[in-house]
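Asks: how does the following fold in three dimensions:
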Amino acid sequence: MNKDELKTLLEAVASGGVTPDEALGKIKLQPFEDIGFAKIDTHRGIRTGADEVIYGAGKTEEQILRIAEHILQNGEKSVLITRLAPEAAQFIAEKIPLKYDEVSRIGVAGEASKSHDRGNIVIATGGTSDIPVAEEAAQTAEYYGNKVTRLYDVGVAGIHRLTHNADILAGAKVVIAVAGMEGALASVVGGMVDCPVIAVPTSVGYGANFEGLSALLSMLNSCASGVTVVNIDNGFGAGFTASMINKIGEV
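Replies: Presented below is the predicted three-dimensional model:
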């Protein structure tokens, strides 16, 4: 049950269409349900406005399938699955409807969102090698109903590629800057726009990049105001946070 469904139920109680006991029967489920290897957070949508997301890495195909099935069988129309391996995606797709993106390794079980019109999240990458992380952010943001504009391979090694798209950046409500190497893209973007910038360091780079640590530290030390940073390769976290920012002010 999500917030809208709970509100509708409470309004029905207030109008007399549903008795308090009937309502209690619908909401008395535990805050989580224990299925042995996982404890599914059934009330997360009520608390946070977004239902539980399945992190696929480290889970077996069967575990992912059972969690997804349980969520779908308990009132949710879809469930987002991150870091989903192609083999696991194929296994799950044989059992339940699944939309899968191989680049981002994002899967959506159940009904895919048809609305992508909230705000405008611009996702910029330093290079082509950063696209898998950027697409994890993009697919996540689109899942939650946001409009996404992609600016890929516009890093500081050829900064004219970025400045050429200054008008696109100016029209953003949120910018997600995804970069490896030294991670300078976030600082440059932060000095160009009047909206929040979410910086995503990636593990792309040579040895002294330390698998993304150098980009992470550069972004954390950005001199541009309005830049916040998520963890290395955490496209999902960036996309989710950008969606939350887009929702601010909605009734």
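
Asks: so where's the stretch 51-200 of the chain uncertain?
Replies: For the stretch 51-200 of the chain, the stretches flagged by pLDDT under 70 are 114.

Asks: which residues of it fall in strands?
Replies: 54-55, 78-82, 98-101, 106-110, 118-125, 146-151, 174-179, 197-201 (DSSP state E, counting those that start in this stretch).

Asks: quick one: which of these is nearest residue 246?
Replies: Comparison of these against residue 246 by C-beta to C-beta identifies strand 118-125 as nearest, at 3.7 Å. Glycine gets a C-beta too; all of them are placed from N, C-alpha and C.

Asks: that closest one to strand 146-151, inter-axis angle?
Replies: Strand 118-125 and strand 146-151 are oriented at 30 degrees to each other (axes from the mean of the first three to the mean of the last three C-alpha atoms, to 10 degrees).

Asks: chain center to strand 118-125: distance?
Replies: What separates the centre of strand 118-125 from the centre of its chain is 12 Å, taken as C-alpha atoms, centre = their mean, to the nearest Å.

Asks: CA atoms only: put it into CSV for me.
Replies: In CSV, the C-alpha atoms belonging to strand 118-125 read as follows (Å, rounded to 0.1, in the frame of the first residue of the first chain):
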residue,chain,number,x,y,z
ARG,A,118,8.3,15.7,-14.2
GLY,A,119,10.9,18.5,-14.3
ASN,A,120,14.1,18.1,-16.4
ILE,A,121,17.1,16.2,-15.1
VAL,A,122,20.1,16.7,-17.3
ILE,A,123,22.7,14.0,-17.0
ALA,A,124,26.2,14.8,-18.3
THR,A,125,29.2,12.5,-18.5
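
Asks: now that strand and strand 174-179, what's the angle there?
Replies: Using the same axes, to 10 degrees, the direction of strand 118-125 lies 20 degrees away from that of strand 174-179.

Asks: outside of strand 118-125 itself, list whatever touches it.
Replies: Strand 118-125 is contacted from outside by 131, 133-134, 137-138, 141, 144-155, 162, 165, 168-169, 171-179, 185, 189, 239, 242-243, 245-247, using C-beta atoms under 8 Å, 6 or more residues apart in numbering.

Asks: now the strands of the stretch 51-200 of the chain as JSON lines including mean neighbour count?
Replies: Formatted as JSON lines, these follow (neighbours: other C-beta atoms under 10 Å):
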{"stretch": "strand 54-55", "mean neighbour count": "18"}
{"stretch": "strand 78-82", "mean neighbour count": "22"}
{"stretch": "strand 98-101", "mean neighbour count": "18"}
{"stretch": "strand 106-110", "mean neighbour count": "24"}
{"stretch": "strand 118-125", "mean neighbour count": "24"}
{"stretch": "strand 146-151", "mean neighbour count": "19"}
{"stretch": "strand 174-179", "mean neighbour count": "30"}
{"stretch": "strand 197-201", "mean neighbour count": "30"}
